[in-house]
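Chemist: kindly generate the corresponding structure for this input.
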Amino acid sequence: MTSISAPRTRRHAVTMREHFRATLVLGLPLVGTNLAGFLVHLTDTLMLGWYDVTALAAATLATTFWFSLFILGAGFANAVMPMVAAADAEDDSMRVRRVTRMGLWLSVFFAALVIPILFWSEAMFIAIGQEPEIAALAQRYLRVAAFGLIPALAVMVLRSFLAALERTAFLLWITLLAIALNALINYALIFGNWGAPEMGIRGAAVASILVQSFWLVLIAGYVMRVLPDYELFRRWWKSDAEVMSQVFRLGVPIGLTGVAESGLFLASTVLMGVLGEVQLAAHGIVLQVAGLMFMFHLGMSQAATVRAAAAFGRKDETSLRRAGVAAIWASTVFGCLTVMIFLVFPEQISAIFIDPDDPLRDQVLAVSITLMALAALFQMVDAAQVMAIGLLRGVQDTAVPFYIAVFSYWAIGIPISYVLGIYTQLGFVGIWLGLVFGLTFAAILLMVRFWRRAVRIT
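Modeler: Residues are numbered from 1 along each chain as shown. Predicted structure coming up:
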């Protein structure tokens with residue numbers, strides 16, 4: 001049960017202005033960290049678009065599939081955040097350590113299980129209707145990128161640990177450094193600059209895995225140096241069945257919820273691939289831009305998780321409600337700004353991703369401009385659904401949100417995308433209308449879940 005039913009005690013009343021300030025102080029570094037992390041992958045898309053449209057289309061397919069599995073495994077890291085925040089609110093440092101360690105264990109186990117799926121992916125891509133050349137290139141990328149899952153998921157656990165303790169500034173700076181490193185390695189390996197071999201799409205995969213490993217080493221070093229009292233890596237091989245079970249039970253629905261949403265976008269990517277190379281490349285561009293803006297909402301959602309979890313640990317209903325309002329309003333204001341940008345500058349944004357001399361440039365731009373307008377439609381509902389999910393995770397309510405996500409994305413969004421995109425003249429427009437409907441249903445149901453159950457006063 002996620003409702004707070006303990007009697008409220010007298011405490012210092014925190015004003016809404018203080019809640020807004022606290023949410024922004026915690027959330028903006030998380031926004032910056034997510035944004036910087038996303039820019040690492042955006043760099044891959046940008047440089048591959050300059051290299052070759054076919055490589056861009058294959059990378060769109062490959063990275064969408066990679067991220068679907070990554071999001072599933074990241075459920076354990078996302079479970080660490082509210083559990084550590086609640087334990088820290090109760091001054092239980094031993095539980096903080098136990099939760100984080102078991103989150104690392106589960107993440108590594110998951111990565112080891114799914115690497116073979118990525119390694120042998122070409123036949124699957126062909127079976128779902130992708131062009132053979134695109135499928136082969138996508139597998140070539142994934143056979144390198146697959147091994148980056150282990151450091152990437154470990155980094156997610158340590159990021160959740162630091163975010164729950166509200167130590168987010170370092171995360172931002174180290175991620176900014178990773179952007180620069182990724183750009184340099186991409187420039188060398190994709191195009192064969194500075195004496196490096198020209199590896200094309202495989203060069204982007206090599207760059208990603210090197211940067212992910214670099215991230216892990218620096219974040220782990222920071223934790224050991226700045227937070228030695230938690231002793232996260234002392235006797236790291238020692239298991240803890242009780243806490244592992246708790247992280248697993250909370251993390252699996254979180255991961256599956258993420259997969260339900262990413263599955264919506266993966267399905268749309270597959271359908272775009274069926275329509276053709278141009279549609280798939282344009283789809284990849286607009287998804288990258290929409291994802292870039294989404295990083296603000298994701299950061300605010302993570303801040304909402306931490307603040308809701310702390311209030312939940314203290315049994316403070318008023319703070320829980322106000323934390324929710326503060327995060328939602330911050331996200332809403334930014335969402336309005338994003339809609340304006342997408343509607344006013346679609347061509348200028350899309351043109352950044354394509355080589356001016358590419359023969360398919362004009363076709364890709366035409367599709368991208370239309371998709372950018374459709375992306376503007378779901379900005380507000382996408383923000384609302386991720387904010388509701390963050391707040392529900394803060395009160396450790398993850399099972400019902402998973403069912404809501406499955407219904408909204410798989411029973412509403414994907415069927416609409418399939419029917420409108422494949423069986424009507426709408427084509428790629430119909431595919432994106434399915435995204436809009438799926439996200440809208442999720443936003444409404446998840447918000448109702450939080451405000452009618454998670455914060456009810458009894």
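Chemist: and the gap between Ile179 and Glu18?
Modeler: Ile179 sits at a distance of 33 Å from Glu18 (criterion: Cβ to Cβ, to the nearest Å). Where you see a C-beta, it was placed from the backbone N, CA and C, and this is true even at glycine.
Chemist: Ser408 too?
Modeler: Applying Cβ to Cβ, one obtains 34 Å for the distance of Ser408 from Glu18.
Chemist: looking at those two, which is more packed in?
Modeler: Here Ser408 and Glu18 are compared on neighbour count by other Cβ atoms under 10 Å; more neighbours surround Ser408, at 24 against 14.
Chemist: so the more buried one sits right up against Gly438, yeah?
Modeler: Yes. With the criterion set as Cβ atoms under 8 Å, Ser408 and Gly438 qualify as a contacting pair; they are 5.3 Å apart.
Chemist: center of the protein - which residue?
Modeler: Centroid-nearest residue in the chain, with Cα atoms, centre = their mean: Ile71, separated by 6.7 Å.
Chemist: apart from its neighbours in sequence, what residue is nearest that residue?
Modeler: The spatial neighbour of Ile71 that comes closest, neighbours along the chain excluded (Cβ to Cβ, 6 or more residues apart in numbering), is Gly258 at 3.8 Å.
Chemist: so which helix or strand takes in Gln279?
Modeler: Using DSSP states H and E, Gln279 sits in helix 277-314.
Chemist: what sits against Leu360?
Modeler: Contacts were defined as Cβ atoms under 8 Å, 6 or more residues apart in numbering; by that measure Leu360 touches 53, 277-278, 281.
Chemist: take those residues and lay them out in JSON lines including distance to Ile412, pLDDT and neighbour count.
Modeler: Conversion of the contacts of Leu360 to JSON lines gives the following (distance: Cβ to Cβ, whole Å; pLDDT from 0 to 100; neighbours: other Cβ atoms under 10 Å):
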{"residue": "Val53", "distance to Ile412": "32", "pLDDT": "76", "neighbour count": "25"}
{"residue": "Glu277", "distance to Ile412": "28", "pLDDT": "78", "neighbour count": "20"}
{"residue": "Val278", "distance to Ile412": "28", "pLDDT": "84", "neighbour count": "20"}
{"residue": "Ala281", "distance to Ile412": "27", "pLDDT": "83", "neighbour count": "30"}
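Chemist: now, the most widely separated pair of those?
Modeler: The most widely separated members of those are Val53 and Val278, with 7.9 Å between them, by Cβ to Cβ.
Chemist: for these two, list the residues in contact with both.
Modeler: Here Val53 and Val278 have 360, 364 as joint contacts, going by Cβ under 8 Å, 6+ apart.
Chemist: count of residues packed around the spatially closest residue to Leu118 that is not a sequence neighbour?
Modeler: Of all residues beyond its chain neighbours, the one nearest Leu118 is Ala146 (3.7 Å), with distances taken as Cβ to Cβ, 6+ apart. Around Ala146 there are 23 other residues, counting by other Cβ under 10 Å.
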